[in-house]
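Undergrad: sequence-free structure coming up:
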Ligand code: 2AM
Ligand code: CA
């Protein structure tokens, strides 16, 4: 398999899609809701996904595609080469802020992440990695990640998870929030993952994400020695929705053992 060629196509397409999104800022958005009034989608989410799908189908007819907006293949397994695409991660930010969103793409072979691309369109910052060849922001290599203590760490999580909720006993996360140096919440899983990769934050926690939210970011973080699991410490399968714990090495273990009780809740 010519991964360099796939990578170079993915790179080119993501830049092209980003340019289209930047140009769309001057036009009127068509906003619709999906599963609930806060689950939003726009014509740009749909058009961007369709753009990638037409490029991939034309160039790599044998590849499968799993995209958030459902124009792909709805694959039942990850055999062969599968593109996991979120055309806009952080749609609510895209609509309300016209920033703090990203295009996220992961290319997997038999379930193993080979290529990750997360494009912060507004800042023109493309985070990218090919497994085994290092990770970059644009053309700048990102240094590998080293351990850091909780009291020197910035942890990204949504305030929902420290309020009573259906997914986790919020009492587990309150001490983590109290002891961390600081917390942040950006509202875009893909960017929060690459912020861990870039050392801008030290960990990211979410209770409810889909494969297209974390497939691209996972390749980039893991390339730098960061650890990516669900909140029970298990590997993600990239086909199911799951919780997510992404962190520097060491810090991941501490959060999992000391705060999340190794997932025994
Ligand atoms: P999205 O913008 O692509 O929907 C916001 O905290 C983050 O969680 C975003 O990355 C958002 O992705 C994702 N997200 C929000 N609601 C979600 C849901 N119901 N299932 C999966 N991911 C969700
Ligand atoms: Ca999305």
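TA: Ah, there it is. Fair warning: this is a prediction, and the values are worked out from it, not measured in the lab. Numbers count the residues shown, from 1 in each chain. Ligands and ions are numbered 1, 2, ... in the order given.
Undergrad: Any residue of the strand or helix carrying residue 183 touching ligand 1?
TA: Assigning secondary structure by DSSP states H and E places residue 183 in strand 182-184. No - Strand 182-184 lies out of reach of ligand 1 by CB under 6 Å from any ligand atom, never closer than 11.9 Å. C-beta here means a position set from N, CA and C on the backbone, and glycine is covered the same way.
Undergrad: what's next to the helix or strand just after that strand, contact-wise?
TA: Scanning forward in sequence from strand 182-184 by DSSP H and E, the next helix or strand is helix 189-197. If you take CB atoms under 8 Å, 6 or more residues apart in numbering as the criterion, helix 189-197 is touched by 86, 89-90, 100-102, 104, 118, 120, 127, 135, 142, 145, 156, 186, 201-204, 206, 209, 213-214, 216-218, 220-221, 223-224, 226, 228, 244, 246-248.
Undergrad: ditto for stretch 49-64
TA: By CB under 8 Å, 6+ apart, stretch 49-64 touches 6, 9, 13, 16-17, 20, 65, 67-69, 71-73, 75, 80-83, 85, 87, 105.
Undergrad: ok, which of these also contact ligand 2?
TA: residue 68 (CB under 5 Å from the ion).
Undergrad: Filter the contacts of stretch 49-64 down to the buried ones.
TA: Among these, those classed as buried by 16 or more other CB atoms under 10 Å are 6, 9, 13, 17, 65, 67-69, 71-72, 81-83, 85, 87, 105.
Undergrad: Around residue 119, how many other residues sit close by?
TA: For residue 119, the tally of surrounding residues (other CB atoms under 10 Å) stands at 27.
Undergrad: Please read the previous query as pertaining to residue 5.
TA: 11.
Undergrad: Help me see whether the strand or helix carrying it makes contact with ligand 1, please.
TA: Element membership for residue 5 (DSSP H and E) is helix 3-24. No - contact of helix 3-24 with ligand 1 (CB under 6 Å from any ligand atom) is absent, the minimum separation being 13.7 Å.
Undergrad: helices or strands up against that helix?
TA: When contacts are defined as 3 or more CB pairs under 8 Å, 6 or more residues apart in numbering; DSSP states H and E, helix 3-24 packs onto helix 43-59, strand 81-89, strand 102-109, strand 112-120, strand 125-130.
Undergrad: could you list every residue that touches residue 34?
TA: Per CB under 8 Å, 6+ apart, neighbours of residue 34: 40, 41.
Undergrad: can you pull the pLDDT of it?
TA: Residue 34 is assigned a pLDDT of 94 by the prediction.
Undergrad: repeat for residue 9
TA: 98.
Undergrad: roughly how far apart are it and residue 60?
TA: 8 Å (CB to CB, to the nearest Å).
Undergrad: likewise residue 89?
TA: Distance from residue 89 to residue 60, by CB to CB: 23 Å.
Undergrad: next one: residue 2
TA: In terms of CB to CB, residue 2 sits 10 Å off from residue 60.
Undergrad: who's more crowded, these two?
TA: A direct count of neighbours by other CB under 10 Å for residue 2 and residue 60 places residue 60 higher, at 16 against 8.
Undergrad: Next, give phi and psi for the more buried one.
TA: Backbone dihedrals for residue 60, given as degrees, to the nearest 10, come out at phi -130, psi 70.
Undergrad: Check residue 95 too.
TA: The phi/psi pair for residue 95 (degrees, to the nearest 10) is phi -70, psi -50.
Undergrad: and it, how many residues sit next to it?
TA: 17.
Undergrad: Wait, it touches residue 40, no?
TA: Yes - in this structure, residue 95 is within contact of residue 40 by CB atoms under 8 Å, at 6.0 Å.
Undergrad: In JSON lines, list the helices and strands packed on helix 3-24 along with mean pLDDT.
TA: Formatted as JSON lines, those follow (pLDDT from 0 to 100):
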{"stretch": "helix 43-59", "mean pLDDT": "98"}
{"stretch": "strand 81-89", "mean pLDDT": "98"}
{"stretch": "strand 102-109", "mean pLDDT": "98"}
{"stretch": "strand 112-120", "mean pLDDT": "98"}
{"stretch": "strand 125-130", "mean pLDDT": "98"}
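Undergrad: could these be laid out in CSV, adding distance to ligand 1?
TA: Output for the helices and strands packed on helix 3-24, formatted as CSV (distance: least, CB to the nearest ligand atom, whole Å):
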stretch, distance to ligand 1
helix 43-59, 8
strand 81-89, 4
strand 102-109, 8
strand 112-120, 11
strand 125-130, 15
